[in-house]
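1. Predicted model, plus sequence, below.
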Amino acid sequence: MARRENQGLQIALIILVMLTVLLAVTTYLFYSRTRTLAVENANLKNANNDANAKVAKAEAESSDMKRFIGYSEETAVEDIEKGYQADMATYGGSLAEVEQNYRELPKQLFRGIQDRNKRISMLSEERSQLNSELESSREQFATQLADAQSKMAEMEKQLKQVESTATQERNRINQQMADLAASKDETKAELETLKTQSENEKAKLERDKANLNQIVESRNETIQNLTNENFETPDGQVKWVNAGQRLVYINIGGADGLRRQVTFNVYGADANNLAKETPKGKIEVTRIIDAHTAEARLIEEDATDPILTGDFIYTAIWDSKSGMHFALVGEMDINGDGRDDRQIVKNLIRINNGTVDAEDVEGEMVGSIQRTTRYLVTGGEVDVDLADSDDQAVVALAEKARQVRTDMENEADRLGVQVITIDKLLGFIGYTGEKRFIPLGGGATRLEAETKSQTNVTPGSAF
C-alpha cells in the first residue's frame, strides 16, 4: 500500500517537473518574441516618422510649386494640368514639345515681345517718314494753288479790262449813231456805212469776249484739277495668276472693248491713289477669253512684291467706255534708231482704243485740238541748224515745224489740254520695246503686222 503511494508521488513529481520545464521554455519563447516585436515596432515607428517627414516635405514643395505657378494650395492637380494645356496651346504653340514648360514659356513670350517692339519701332519710323512726305506734298500743293489763284486773278483782271473797253466802244458807237441820227446834213449811205462798221466792231468784240470767256473757263478747270487730288479709277482686277507660265487672267474682256496687245500697269490691291502709286508690274493682253475675261502675259514683275489675285490694273490711254483723244507733235524716236516712229505711236493709241485728233505733218497741223483731247504728246524738235544749213527747203520746213509746234502747244494751253512727253505716254501704257510679243502667222491682224513691220525687229518682240 505504501509502495503504491510512493509511485503516485513519483509520477506526480515527474509531471510537475515536466510542466515546470514546459513553462520555462514557453516563458523564454514569449520573452524572445516580445523583444523581437519591440525591435520591429521601433523600426516601424522610425520608418513611419521618415515617411511622415517626406510627406510633409512633399506637401510643402507642392504648395510652393502651386504658388510659384499662380495656383492656391486647394487647387487640384487635374485643374493645374488643364491650365497648363491651355497655356501651352495659347502661348507655347511655337515651342518644341520638350520645351513646353513654364521655364521656357516666359523666354518665348519675352522674345515675342522683343520682336513686336522692333516691329512697332519700324512702323513708327515709317509713320514719321510718311508724315514728312505728306507735309512736303501739302507745301507743294499750297504753292501750286497760290500760282493758279494768281493766274486766275490776272485773267479776271484782263477780262474786266476787255469788258470795260467793249462797253466804252459800244457807248462810243451808240453816241456816233445818235449823232448821225441827229445830223440832218449827213447822207443815209454814210449812216449805213458807220452802222455796218459798228456792227462789225461789236461782233469782233463779242468774239474776243467769247474767246476770253473760253480761256477763263479752261483756266477754271485747270485750277479745279490743281485743287482736287487726282484719284485714277482702276480699269479692272487680276482674277488669277499662273506663276509657272507667267500668265495673268483679268476681269475685263470682249464686252468691255478690250483688244489684244493692250498693256496695263499692275498695282497692289491696297492702292488708293493710282496716280501716285508705283506699279508692281506690267502685263500685256494676249487672248480675249470671253465677255469679261482675258489672258495676259507677265512683262515685268518685282520679285519682292509679286502680282496677286485682286491686284488692280490700269492704263492711262484705254477706257472701257470711250477711247481717249490725243494730239501728236514733234519727232518720236522711241527705239533709238534715229528715225521717227510716229506710225508706231499711232498704232499703239489705236490698239488701246484711242483717237488722234490732231498731228503735225510737214509743218502743218492736220486735224484740230478739241476740248475733249486729253493729252498733247510732244516728241523731239527738228534737229536742223538754221544758220548753217544750205538747203532752203529744209530750213523752211524746219521753221514751219517749229511754228506749228508752238501753235499746237498754245492751243493746248488755251483749251486746258495736258501736255506730256512721248516717254511719259509710253510709261502710261507700259511700253517695253522689244520685250513685248505679237503673235505672227495666220491669226495675226493687219494692225499687228503693221506695227511689227514698223519696228523692224526679230520675231518674238512686239515693237
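-> Structure's in. What do you need?
2. In this protein, what helix or strand scores lowest on average pLDDT?
-> Here the helix or strand of the chain ranked lowest by mean pLDDT, DSSP states H and E is helix 446-455, holding a mean of 40.
3. Can you list the low-confidence ranges for the chain?
-> Filtered on pLDDT under 70, the chain yields the residue ranges 1-3, 184-185, 215-232, 275, 320-322, 383-390, 428-463.
4. can you list the domains in it?
-> The chain breaks down by automatic domain parsing into domains covering 1-66, 146-227, 236-314, 325-431.
5. Between the two ends of the third one, what distance do you get?
-> Domain 236-314 stretches 7 Å from its first residue to its last (CA to CA, to the nearest Å).
6. Number the residues from 17 up from this point.
-> Understood, numbering begins at 17; the last thing we discussed is domain 252-330.
7. now that domain, how far from the centre of its chain.
-> Centre-to-centre, domain 252-330 and its host chain are 13 Å apart (CA atoms, centre = their mean, to the nearest Å).
8. hang on, the earlier thing: so for residue 153, which of the domains of the chain sits nearest?
-> Closest to residue 153 of the domains of the chain is domain 252-330 (CB to CB; 8.8 Å). In short, each C-beta sits where N, CA and C put it, glycine included.
9. ok so residue 393 is a helix residue?
-> No - going by DSSP: H, G, I helix; E, B strand; the rest coil, the assignment for residue 393 is strand, not a helix.
10. does residue 381 really touch residue 423, like I thought?
-> Yes - the criterion here is CB atoms under 8 Å, and residue 381 meets it with residue 423 at 6.7 Å.
11. circling back: let me have the domains of the chain in CSV, extended by mean neighbour count and distance to residue 156.
-> Shown next, in CSV, are the domains of the chain (neighbours: other CB atoms under 10 Å; distance: least, CB to CB, whole Å):
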stretch, mean neighbour count, distance to residue 156
domain 17-82, 10, 66
domain 162-243, 13, 11
domain 252-330, 17, 12
domain 341-447, 17, 18
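12. need these in CSV with distance to residue 133, can you?
-> CSV is the format used below for the domains of the chain (distance: least, CB to CB, whole Å):
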stretch, distance to residue 133
domain 17-82, 32
domain 162-243, 42
domain 252-330, 25
domain 341-447, 41
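13. ok, which stretches of the stretch 367-479 of the chain are helices?
-> Counting by DSSP state H, counting those that start in this stretch, residue ranges of the helices within the stretch 367-479 of the chain are 408-431, 438-445, 462-471.
14. then the shortest one to PDB, C-alphas only?
-> It stands for helix 438-445. Taking C-alpha atoms only, helix 438-445 is exported to PDB below (Å, rounded to 0.1, in the frame of the first residue of the first chain):
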ATOM      1  CA  ILE A 438       6.300 110.700-125.600                       C
ATOM      2  CA  ASP A 439       8.300 109.000-122.800                       C
ATOM      3  CA  LYS A 440       5.600 109.600-120.300                       C
ATOM      4  CA  LEU A 441       2.900 108.300-122.600                       C
ATOM      5  CA  LEU A 442       5.000 105.100-123.200                       C
ATOM      6  CA  GLY A 443       5.300 104.800-119.400                       C
ATOM      7  CA  PHE A 444       1.500 105.100-119.000                       C
ATOM      8  CA  ILE A 445       0.900 102.200-121.300                       C
END
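15. elements contacting that helix?
-> Contacts defined by 3 or more CB pairs under 8 Å, 6 or more residues apart in numbering; DSSP states H and E place helix 438-445 against helix 358-367, strand 391-394.
16. hmm, who's touching that helix?
-> With contacts defined as CB atoms under 8 Å, 6 or more residues apart in numbering, helix 438-445 is touched by 279, 281, 331-334, 346, 348, 350, 361, 364, 368, 391, 393-395.
17. Next one: residue 334 from residue 279, what distance?
-> 9 Å (CB to CB, to the nearest Å).
18. ranges for the helices of the chain?
-> For the chain, the helices defined by DSSP state H occupy 18-84, 93-107, 120-198, 204-243, 358-367, 408-431, 438-445, 462-471.
19. for the longest one, packing partners?
-> Looking back up the chat, that one is helix 120-198. helix 93-107, helix 204-243.
20. hmm, who's touching the shortest one?
-> If I follow you right, that is helix 93-107. With CB under 8 Å, 6+ apart as the test, helix 93-107 has contacts from 82, 85, 87, 111, 116, 118, 121, 124-125.
21. Repeat the analysis, applying 10 Å as the threshold.
-> 78, 81-82, 85-87, 91-92, 108, 111, 113, 115-118, 121-122, 124-125, 128 (CB atoms under 10 Å, 6 or more residues apart in numbering).
22. Could you identify the buried members of those residues?
-> Buried by 16 or more other CB atoms under 10 Å: 82, 87, 108, 116, 121, 124, out of those.
23. what's the farthest-apart pair in these?
-> Across these, the longest distance by CB to CB is 22.5 Å; it joins 82 and 124.
24. bridging residues for residue 280?
-> The residues listed as beta-bridge partners of residue 280 by DSSP bridges are residue 299.
25. separation between it and residue 322?
-> In terms of CB to CB, residue 280 sits 16 Å off from residue 322.
26. and what of residue 333?
-> According to CB to CB, residue 333 and residue 322 sit 26 Å apart.
27. before we move on, the earlier item: so which of the helices of the chain comes closest to residue 307?
-> Between residue 307 and those, the tightest spacing by CB to CB is seen for helix 358-367, at 19.8 Å.
28. chain center to the closest one, what's the gap?
-> Helix 358-367 has its C-alpha centroid displaced from the chain centroid by 29 Å (CA atoms, centre = their mean).
29. helices or strands next to that helix in the packing?
-> strand 341-345, strand 371-377, strand 391-394, helix 438-445, helix 462-471 (3 or more CB pairs under 10 Å, 6 or more residues apart in numbering; DSSP states H and E).
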